[in-house]
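Colleague: My questions concern the predicted model and sequence given below.
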Amino acid sequence: MFLQTEYEFTLPKGYVDEEGNVHRRGAMKLATALDEIEAAKAMGNADYLPVILLSRVVSRLEGMDQILPDVITGLFTDDFAFLQNMYETINHAEEPVIQVQCPYCNRSFTDTLNFVLRE
């Protein structure tokens, strides 16, 4: 059985660095117990815990060498919420799926959830 441990994504808006470059494509790895423990240990402020945790599990973001907490806090709120939702989805389900309904035939079915925006 193959276990997918990393999921690619495209941020809705993208991280804008100091030079004005926009970084949208990246990947998030499945969290380990150590990721959650270290995030909880690193900060006494529970509100900051998601920032630390996301900086540990976002494994890459195009054009960025490291994903530090400053990168996460510099995200637009839509992107931050997107990554939080993605974290919850991939870490609390065996396979990220979504219930969908065809707008033409009204048939309901389950499909794999894909975090990459199609443009």
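Modeller: It's in.
Colleague: rest of the way, CA atoms for contacts and neighbours
Modeller: Will do.
Colleague: For stretch 26-39, give me every contacting residue.
Modeller: Contacts to stretch 26-39, defined as CA atoms under 8 Å, 6 or more residues apart in numbering, come from residues 5-11, 49-50, 52-53, 56-62, 87, 90-91.
Colleague: May I see the buried residues of it?
Modeller: 26-31, 35-36, 39 (16 or more other CA atoms under 10 Å).
Colleague: Mind listing what's buried along the one helix or strand residue 85 maps to?
Modeller: Per DSSP states H and E, residue 85 falls inside helix 77-91. Buried residues in helix 77-91, counting neighbours by 16+ other CA under 10 Å, are found at 79-80, 82-83, 86-87, 89-90.
Colleague: Read off the pLDDT value for residue 91.
Modeller: Residue 91 is assigned 89 on the pLDDT scale.
Colleague: Tell me the predicted confidence for the closest residue to it other than its chain neighbours.
Modeller: Leaving aside its chain neighbours, residue 91 sits nearest to residue 30 (6.1 Å; criterion: CA to CA, 6 or more residues apart in numbering). Here, the pLDDT recorded for residue 30 equals 95.
Colleague: just residue 21 next, same as before
Modeller: On pLDDT, residue 21 comes in at 95.
Colleague: residues near it, how many?
Modeller: For residue 21, the neighbour count with other CA atoms under 10 Å is 11.
Colleague: got the phi/psi numbers for it?
Modeller: Backbone geometry at residue 21, expressed as degrees, to the nearest 10, gives phi -80, psi 140.
Colleague: quick one, what contacts it?
Modeller: Going by CA under 8 Å, 6+ apart, residue 21 touches residue 15.
Colleague: 10 Å instead?
Modeller: By CA atoms under 10 Å, 6 or more residues apart in numbering, the contact set of residue 21 is 14-15, 63.
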